[in-house]
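**Student:** One predicted model, sequence on top.
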Amino acid sequence: MDNECRGEGMSVNVPRSRMPGIAWPAIPDGRAATLLAIQFQLEQSQWWSPDDLAAWQLRQLRLLLAHAGRSVPFYRERWRKAGFDPRALPTLTWDDWRRLPILTRADIQDAGEQLYSTRVPPEHGKPSVLHTSGSTGRPIAAARTQLSILFWEAFTQRDHQWQGRDRNGKLAVIRHAEPGRDPYPEGTRTPNWGHARRAVYDTGPCVALNVNCSPEQQVDWLRREQPDYLLSFPTNVARLAEYCLEHGIRLSSLRQVQTISEVLRPEVRELCRRAWSVRVVDMYSSREAGYIALQCPAHEHLHVQSEGILVEILDENGAPCSAGQVGRVVVTPLHNFAMPLIRYEIGDHAELGPPCPCGRGLPVLTRIVGRTQNMVVLPDGSRRWTLLSSDDVAELRRIAPIRQYQFIQRSLETIDAMLASERPLSRDEEERLRAWLETKLGHAFAIRFIYVDEIPRAPSGKFHDFISQVAR
Ligand SMILES: [Zn+2]
């Protein structure tokens, strides 16, 4: 085991034993034994060379393509039209692969059940369907097998191990829930971090609170719960850290913060260090595609989870990006035979990084830049990122006492600035804000100021500080 895994709070965890009279070393049952077999291999493959990883991915992709060509009506039809027959290929090469068309979210919506396999191998377990709203407002129904859920769990365990988490600790989760669920002041409580009955490891308890509670309520709840770990959206974590800094509150039990779902701005890491002296661990996943990348145990960038997914970062012409370039994220989960997603353009942009000094061969994503809908469209039709640096945000806050902000581009010339502030802004402050926006966005848009008490989250629970409603 590498040194970094023996860091803070690493305690010994043993899987649950299913053998009467045996506690240790554990003798797990079928499902747990399979999970441990996967984990054993993941511990080794993380150190493989990029070439070895790519070679095994290609081998797995060939099986996936053959399955999709045989049993998924959507691909059968699409590839027949394109003259592509995966069964006719003696071997699969990356050149063959890159000729396959990209699958968009709109394709998935249009295809509906045509994307489901009619012959899922029974050994992969009964498929189940989950619905994702996504942040684009285009809901899709995604089918997955029990086996793909097992892989999900294996990568969850890898994350715990990489980040040296003590599974006996208490996990507090603050995320999206239907109104009335996980309510303040109590929240809800489960005895295990994951699915208790099927869990491979016993863990400490998990407590959950609805993300729509106010920062004051959330901090009050956290002070009573005294969790070791906090999992939430980056924008929510930032508000909690700011609240604690303002009110001089330390969450002394907290050992680590995990962020999910939204783009993590670098300043959130700094805020958590200042507020609670803890580090932030980010991850990149999607409900339909599973884990995409996890944070390196030794650095702040992310490692692609190549054993579970192929991630391509493509430029505007569809060619692979090189290190340092930002491109479109295109993913292919390797093991979901219920609804194969082949070269699925997930709607995000990310920057590919150089190989990691930690020695892992898993590719590096330096940062997830955001969703295409978070780019501003200029009157000439070009798009640019609106990501604000921590200096930008500090500057914004110096202009006026703004608690929350969200900019919504309504047309090529107009932007609504939604502001939750201590008080309405003066004319002078509005003018300075207008000038600040012009510099950041590269155009003098007509700005309409709208004052609200609280800016609501998207139905998915995510928060976007810039949304463009201008169609591509
Ligand atoms: Zn690394």
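**Tutor:** In hand now; what should we look at? Quantities reported herein were computed from a predicted structural model and do not represent experimental measurements.
**Student:** and residue 244, how many residues sit next to it?
**Tutor:** The number of residues packed around residue 244, counting by other Cβ atoms under 10 Å, is 22. The way it works is simple: take the backbone N, C-alpha and C, and place the C-beta from them, glycine included.
**Student:** anything in the host helix or strand of residue 281 near the ion?
**Tutor:** In this structure, residue 281 sits in strand 279-286 according to DSSP states H and E. No - Strand 279-286 lies apart from the ion when judged by Cβ under 5 Å from the ion; the minimum separation is 12.9 Å.
**Student:** In its sheet, which strands sit next to that strand, and in what direction?
**Tutor:** Sheet pairing for strand 279-286, assigned by DSSP bridges, gives strand 256-259 (parallel), strand 290-295 (antiparallel).
**Student:** what's the closest of those to residue 348?
**Tutor:** Among the strands paired with strand 279-286, strand 290-295 comes nearest to residue 348, with 8.8 Å by Cβ to Cβ.
**Student:** Touching the closest one from outside, list them.
**Tutor:** 148, 151-152, 155-156, 158-159, 162-163, 281-286, 301-305, 308-309, 311, 329, 331, 333, 336, 346, 365 (Cβ atoms under 8 Å, 6 or more residues apart in numbering).
**Student:** Next, check these against the helices and list the overlap.
**Tutor:** When DSSP state H is applied, these are split such that 148, 151, 152, 155, 156, 158, 159, 162 fall in helices.
**Student:** same for the helix or strand bottoming out on mean pLDDT in the chain, what does it pack against?
**Tutor:** Taking mean pLDDT, DSSP states H and E as the measure, the helix or strand of the chain with the lowest value is strand 383-385, at a mean of 78. With contacts taken as 3 or more Cβ pairs under 8 Å, 6 or more residues apart in numbering; DSSP states H and E, strand 383-385 sits against strand 375-377.
**Student:** Partner strands of the strand it packs on and their direction?
**Tutor:** Strand 375-377 sits in its sheet next to strand 383-385 (antiparallel), going by DSSP bridges.
**Student:** List the buried residues of the partner strand.
**Tutor:** In terms of neighbour count (16 or more other Cβ atoms under 10 Å), strand 383-385 has no buried residues at all.
**Student:** where does the chain come near the ion, residue by residue?
**Tutor:** 296, 356, 358, 360.
**Student:** avg pLDDT for stretch 83-101?
**Tutor:** For stretch 83-101, mean pLDDT is 89.
**Student:** Give me the contacts around it.
**Tutor:** Judged by Cβ under 8 Å, 6+ apart, the contacts made with stretch 83-101 from elsewhere in the structure are 54, 58, 61-62, 65-66, 68-70, 78-79, 82, 318, 320, 342-343.
**Student:** Against which helices or strands is the longest helix seen in the chain packed?
**Tutor:** Among the segments of the chain that qualify as a helix by DSSP H, the longest is helix 50-71. In terms of contact count using 3+ Cβ pairs under 8 Å, 6+ apart, helix 50-71 is assigned the packing partners helix 73-82, helix 94-98.
**Student:** possible to save these as CSV with mean neighbour count?
**Tutor:** As requested, the helices and strands packed on helix 50-71 are exported to CSV (neighbours: other Cβ atoms under 10 Å):
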stretch, mean neighbour count
helix 73-82, 16
helix 94-98, 13
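**Student:** Dump the ones you listed to a markdown table, plus distance to residue 19.
**Tutor:** Formatted as a markdown table, the entries for those read as follows, by distance: least, Cβ to Cβ, whole Å:
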| stretch | distance to residue 19 |
| --- | --- |
| helix 73-82 | 44 |
| helix 94-98 | 44 |
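**Student:** which of the residues in the helix or strand harbouring residue 37 are buried?
**Tutor:** Secondary structure assigned from DSSP H and E places residue 37 in helix 30-45. In terms of neighbour count (16+ other Cβ under 10 Å), helix 30-45 has its buried residues at 32, 35, 36, 38, 39, 42, 45.
**Student:** again, but for stretch 97-110
**Tutor:** 97, 100, 103, 105, 107, 108.
**Student:** Over to stretch 189-199?
**Tutor:** 192, 193, 194, 199.
**Student:** and the last one, how far is that from residue 139?
**Tutor:** Meaning residue 199. Applying Cβ to Cβ, to the nearest Å, one obtains 30 Å for the distance of residue 199 from residue 139.
**Student:** ok, now the second one?
**Tutor:** Applying Cβ to Cβ, the value for residue 193 to residue 139 is 28 Å.
**Student:** Repeat that for residue 238.
**Tutor:** Using Cβ to Cβ, one gets 28 Å for the distance from residue 238 to residue 139.
**Student:** what about these two, which has more around it?
**Tutor:** With other Cβ under 10 Å as the criterion, residue 238 and residue 139 differ in neighbour count, and residue 238 comes out ahead with 24 against 13.
**Student:** does that one count as helix, strand or coil?
**Tutor:** The assignment at residue 238 comes out as helix when based on DSSP: H, G, I helix; E, B strand; the rest coil.
**Student:** follow-up on the earlier one: ok now the strand holding residue 281, how far from the chain's centre?
**Tutor:** 6 Å (Cα atoms, centre = their mean, to the nearest Å).
**Student:** can you pull the pLDDT of the residue in the stretch 201-350 of the chain that the ion sits nearest to?
**Tutor:** Scanning the stretch 201-350 of the chain for the residue nearest the ion gives residue 296, at 3.2 Å (criterion: Cβ to the ion). In this model, residue 296 is scored at 98, pLDDT.
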